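In: coordinates only, no sequence provided:
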């Protein structure tokens, strides 16, 4: 599977793009002479120059270093959301799929209820209850995505339970714990990783979108969506404030989509 | 015999509707419990939050006590929930912390604006994706198809709020077309609705295109071709109706993301609907409004999905025949 994946053209483009973005967000703040939250009132809304390669914002802060630091938050948060969603959904999904009975129907009803609410509406509601803030936004997104993922893991677990290798292993007297760890979890993880990669773009959009509305990352912290939201009234005078975070969001979604599509294609070939 | 056929069909429809309404009621109850169950996790005191939402920064103990009495916050949470739900089922969703006006009234004032926006956005998404997919299928693997493939990729990479910002910056501000603060009218809805439609355009077109291509390869398309039907007739008359059926399910799911997306787009274009209202309420932690919004959005989502399912059932002769046979047995 992996050799096929690395031969895939869109996988290569996506991986290169993703690596470049990661290098950008990791190293630019280290080597930059500017600090992301350092305000220089005398240098407000300057166009790109040698001193500030991407210009300065409404507080005289360097846009380049803020875009990079913002990327750490945006991309880091995306990985946290997807990682937590995967971990919790695999744990709950496999448990209820294998245990079955009352536990399964109880959790399945909860999933039904959660799935009845549109994802972003549910996330908005949870932020509304917990209060505005970046951590709360991430919790809200994990809960909102959890229902769909858990349902998927549960259905995979149910079908794997009937698979010949699992039945044979059971007949050979191998314990459930070992079967789960060696047969079920790796297989489901591989399936779910594709789903998760295809969802990465959507999660990047949700985090940026809600931070844009002021419901996620709070000033003065840099985050791509929040940067767009805070600068939106200055775009007419300083269009460069629009471009840096916009291009960063765009490239990260393209990269995630390319990798996701490649993973899906490779799996379909199998 | 024919009459019987129709009759069992109607009872089947009624049964489906009744079942789905039952599910919907359960789901909405569940959602209300969920929103309330999260309350203990919220930091800070509810009464203080109410006062903060009303603009009182440092409330005195006296003020806090008054608010506690006003909303009955001294009672246990379960009691508060039952008090709220027994009023909510009668249409009383309590009052907004900020404006002190009834939530139902505030929401129903803004609902028509959101429904107008969503309806136009839905219509645009339909027209755009159906025409794009038809062009793609007609010119399969030729230049127009490649352009549309590229556009669908762009649609999933450019978030709708970003497109909204770009439109505001480069169309509205630069050329003076439309206005920054959008009036609730069909003309004013064009840009925000386009942004919402844009977010759905990519997936919808891709799925419909795949369905069309599959249908064009089918046996009935082959037979039609053998009988001398032109390519466009095969696509329009045979492939499209068959491709639209599975597409309807996607539309149902799309309505959900449309409602969430509306919250963001309404804020970008200052469109006075329930989406932008909910965003303000979330920022101010105006809980009664947030609860009202979730319940209304869920209701709209469930009702529109029910409608989509019924249309799909109505349109699908296979499904009809299968269900009637099942009734016979």
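Out: Cool, got the structure. Quick caveat: nothing in here was measured; it's all calculated off a predicted structure. Residues are numbered from 1 along each chain as shown, chains lettered A, B, ... in the order given.
In: run through the strands of the chain in chain order.
Out: Just going to use chain A. Read by DSSP state E, chain A holds no strands at all.
In: near chain A at all, the helix or strand encompassing residue B:174?
Out: Element membership for residue B:174 (DSSP states H and E) is helix B:174-175. No: shown here: helix B:174-175 not in contact with chain A (Cβ under 8 Å from any Cβ of the partner chain), separated by at least 8.5 Å. In short, each C-beta sits where N, CA and C put it, glycine included.
In: and the contacts of the helix or strand bottoming out on mean pLDDT in chain A?
Out: The weakest-scoring helix or strand in chain A, judged by mean pLDDT, DSSP states H and E, is helix A:2-7 (a mean of 80). Residues from elsewhere that reach helix A:2-7, judged by Cβ atoms under 8 Å, 6 or more residues apart in numbering or on different chains: A:11-12, A:262-263, A:266, A:269.
In: and the pLDDT for residue B:182?
Out: What the model reports for residue B:182 is a pLDDT of 70.
In: quick check, it in a strand?
Out: No: Residue B:182: not assigned to a strand; according to DSSP: H, G, I helix; E, B strand; the rest coil it is coil.
In: for it, what are its contacts?
Out: By Cβ under 8 Å, 6+ apart, the contact list for residue B:182 reads B:188-189, B:191-192, B:269-271.
In: distance of the closest residue to residue A:95 other than its chain neighbours from chain B?
Out: Using Cβ to Cβ, 6 or more residues apart in numbering or on different chains and skipping the chain neighbours, the partner closest in space to residue A:95 is residue A:103 (7.6 Å). Distance from residue A:103 to chain B, counting by Cβ to the nearest Cβ, to the nearest Å: 18 Å.
In: the closest residue to residue A:220 other than its chain neighbours: neighbour count?
Out: Computed as Cβ to Cβ, 6+ apart, the closest residue to residue A:220 that is not its neighbour in sequence is residue A:37, at 4.7 Å. Using other Cβ atoms under 10 Å in any protein chain shown, residue A:37 has 14 neighbouring residues.
In: can you find the helix or strand of chain B with the lowest average pLDDT?
Out: Least confident helix or strand of chain B, by mean pLDDT, DSSP H and E, is helix B:317-328 with a mean of 55.
In: residue contacts, the residue of chain B found nearest chain A?
Out: Per Cβ to the nearest Cβ, residue B:260 is where chain B lies closest to chain A, at 2.5 Å. If you count contacts by Cβ under 8 Å, 6+ apart, residue B:260 has them with A:118-121, A:123-124, B:297.
In: buried subset of these?
Out: Listed as buried from the contacts of residue B:260 are A:118-121, A:123-124, B:297; burial here means 16 or more other Cβ atoms under 10 Å in any protein chain shown.
In: give me the below-cutoff pLDDT ranges for the stretch 1-150 of chain B.
Out: For the stretch 1-150 of chain B, residues meeting the criterion pLDDT under 70 lie at B:1-9.
In: show me what from it comes close to chain A.
Out: By Cβ under 8 Å from any Cβ, the residues of the stretch 1-150 of chain B that approach chain A are B:23-24, B:26-28, B:30-31, B:34-35, B:38-39, B:41-44.
In: who wins for neighbours among these?
Out: Going by other Cβ under 10 Å, residue B:31 tops the residues of the stretch 1-150 of chain B next to chain A with 23 neighbours.
In: got a list of what that one touches?
Out: For residue B:31, counting by Cβ under 8 Å, 6+ apart, the contacting residues are A:113, A:116-117, B:294-295, B:298.
In: now, which of those residues sits nearest residue B:112?
Out: residue B:295 (17.7 Å; Cβ to Cβ).
In: can you tell me the closest non-neighbouring residue to that closest one?
Out: Spatial nearest neighbour of residue B:295, chain neighbours left out: residue B:28 (5.9 Å); criterion: Cβ to Cβ, 6+ apart.
In: shouldn't the one you found be in contact with residue B:298?
Out: Yes: the criterion here is Cβ atoms under 8 Å, and residue B:28 meets it with residue B:298 at 5.8 Å.
In: which residues are in contact with each of these two?
Out: Counting by Cβ under 8 Å, 6+ apart, the shared contacts of residue B:28 and residue B:298 are residue A:116.
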